[in-house]
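Novice: below are the sequence and a predicted model for it; my questions follow.
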Amino acid sequence: MEAERAGRVVRDQVEPAWDDARSSRVQQRVLAELAAPSPRSVRTRSPWIALVAAACLATAMAVVVWGPWKRQATVEFVDGSTARVIGDGQVMPTLVSDARIELEHVRGTVIYDVTPRPDRNFVVRAGGVTIRVLGTAFQVSRVEQKVTVEVQRGRVEVTRGDHAVRLAQGERVVLEDTDDSTGQERAVAAASSAAAAVDDEVPSVPASALLPVPPERSAAELFRAADDARGSGDAERAIQLLQELVREHPRDPRVTMARFTMGRLHMQQGRAAQAAQAFESCGQAFGGEAWAEAALARSSTGDTSRSKELAERYLQHFPDGPRAGEMARLAGR
């Protein structure tokens with residue numbers, strides 16, 4: 001028992017502090033790497049796609065009444081995602097940012113068409129049922145204590161309590177609308193009876209297919225795992241872990257560092273456009289280093305106009321910064 005207690009103390013008190021210290025060391029190391037010249041082999045000229053910033057998304061949402069959307073309205077987000085309300089359906093926005101969109105499906109039927117964006121979480125909650133997507137089209141109906149999720153394109157993960165199931169195109173699941181996470185038997189019964197009342201051409205996944213959800217990893221754990229992958233030379237795995245950190249923990253203080261590190265990794269892999277997007281999402285972080293790196297990345301893609309704009313932004317805010325000379329050359333001064 002003493003060994004278990006000691007283990008809990010290490011896990012709950014020592015590990016978080018160690019992870020924070022490690023985050024600081026990683027940040028210092030990544031910034032130190034800026035002294036090394038950026039890869040000059042990057043000469044791709046893929047079209048530039050602007051990163052949708054949180055401010056733009058918030059501005060777009062401002063034109064919509066912050067309340068239930070209903071009466072066959074179609075709400076469009078700035079990234080192209082839409083929520084089309086059918087009949088007396090209602091849906092309420094609860095969180096809108098560049099990293100996460102959360103909607104409360106109040107009642108009725110809504111068809112969601114979500115633009116693929118790996119760095120953004122799109123979540124719909126209907127009572128005790130949660131639907132998480134990356135890029136897909138699906139329909140949610142919440143009627144008479146039942147929630148039906150039907151996928152029209154792509155894949156979604158449907159969670160109820162501590163169990164989840166993934167649905168592919170053309171699949172559907174019917175669950176009891178309750179916040180009680182212990183009612184698995186009632187959920188199975190609800191699925192069986194409700195499935196008989198809907199279109200038989202759409203295959204239904206039984207509620208019993210819901211499997212336990214693995215425990216969510218903390219931001220510190222993801223950051224540590226990404227650093228380990230990066231250290232072993234697995235850049236792609238590191239990027240995946242950092243993207244997960246940004247999606248699952250959008251308010252964590254490590255997010256900016258995660259985005260900046262993704263930018264460095266993308267540049268190392270020869271993906272200057274994606275690197276520029278990651279750097280720009282950091283704003284003026286690290287004394288303008290993110291802007292400077294974004295300017296160099298844009299220059300590598302041939303987007304000289306955007307490169308000059310970012311260089312000028314750096315010079316305006318950090319006229320005596322360590323990258324001022326380099327930025328002045330990019331700006332054509």
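Specialist: Okay, I see it.
Novice: pLDDT below threshold where in the protein?
Specialist: Across the chain, the ranges flagged by pLDDT under 70 are 1-72, 134-135, 178-216.
Novice: again, only using 80
Specialist: 1-72, 78-79, 97-99, 118-120, 134-135, 161-162, 177-216 (pLDDT under 80).
Novice: now the helices for it?
Specialist: 2-9, 15-32, 54-62, 184-195, 219-231, 235-248, 255-268, 272-280, 289-301, 304-317, 324-331 (DSSP state H).
Novice: domain boundaries for the protein, per the record?
Specialist: Annotated domains of the chain cover 19-48+216-331, 54-212 [automatic domain parsing].
Novice: got a markdown table for these, with mean neighbour count too?
Specialist: The C-beta positions use only the backbone N, C-alpha and C, and glycine is treated the same way. Shown next, in a markdown table, are the domains of the chain (neighbours: other CB atoms under 10 Å):
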| stretch | mean neighbour count |
| --- | --- |
| domain 19-48+216-331 | 18 |
| domain 54-212 | 18 |
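Novice: can you show me the strands along the stretch 1-150 of the chain?
Specialist: Applying DSSP state E, counting those that start in this stretch to the stretch 1-150 of the chain gives strands spanning 74-76, 82-96, 100-114, 121-126, 129-133, 136-143, 146-153.
Novice: can those strands go into a markdown table with extra columns for distance to Gln240?
Specialist: Shown next, in a markdown table, are those (distance: least, CB to CB, whole Å):
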| stretch | distance to Gln240 |
| --- | --- |
| strand 74-76 | 29 |
| strand 82-96 | 23 |
| strand 100-114 | 18 |
| strand 121-126 | 14 |
| strand 129-133 | 16 |
| strand 136-143 | 19 |
| strand 146-153 | 23 |
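Novice: nearest to Gly321 among those strands would be which one?
Specialist: strand 100-114 (31.9 Å; CB to CB).
Novice: each with direction, which strands does the closest one pair with?
Specialist: Strand 100-114 sits in its sheet next to strand 82-96 (antiparallel), strand 121-126 (parallel), strand 136-143 (antiparallel), going by DSSP bridges.
Novice: shouldn't Ala275 be in contact with Ala297?
Specialist: Yes - using CB atoms under 8 Å, Ala275 makes contact with Ala297 at a distance of 4.5 Å.
Novice: between these two, which contacts overlap?
Specialist: Counting by CB atoms under 8 Å, 6 or more residues apart in numbering, the common neighbours of Ala275 and Ala297 are Gly263, Met267.
Novice: who touches the closest residue to Gly332 other than its chain neighbours in this structure?
Specialist: Leaving out its chain neighbours, the residue that sits closest to Gly332 by CB to CB, 6 or more residues apart in numbering is Lys308, at 6.5 Å. Residues counted as contacts of Lys308 (CB under 8 Å, 6+ apart) are Ala295, Leu330, Ala331, Gly332.
Novice: with Ala328 instead?
Specialist: By CB under 8 Å, 6+ apart, Ala328 lies in contact with Ala311, Leu315.
Novice: how close does it get to Asp320?
Specialist: From Ala328 across to Asp320, the span is 12 Å (CB to CB, to the nearest Å).
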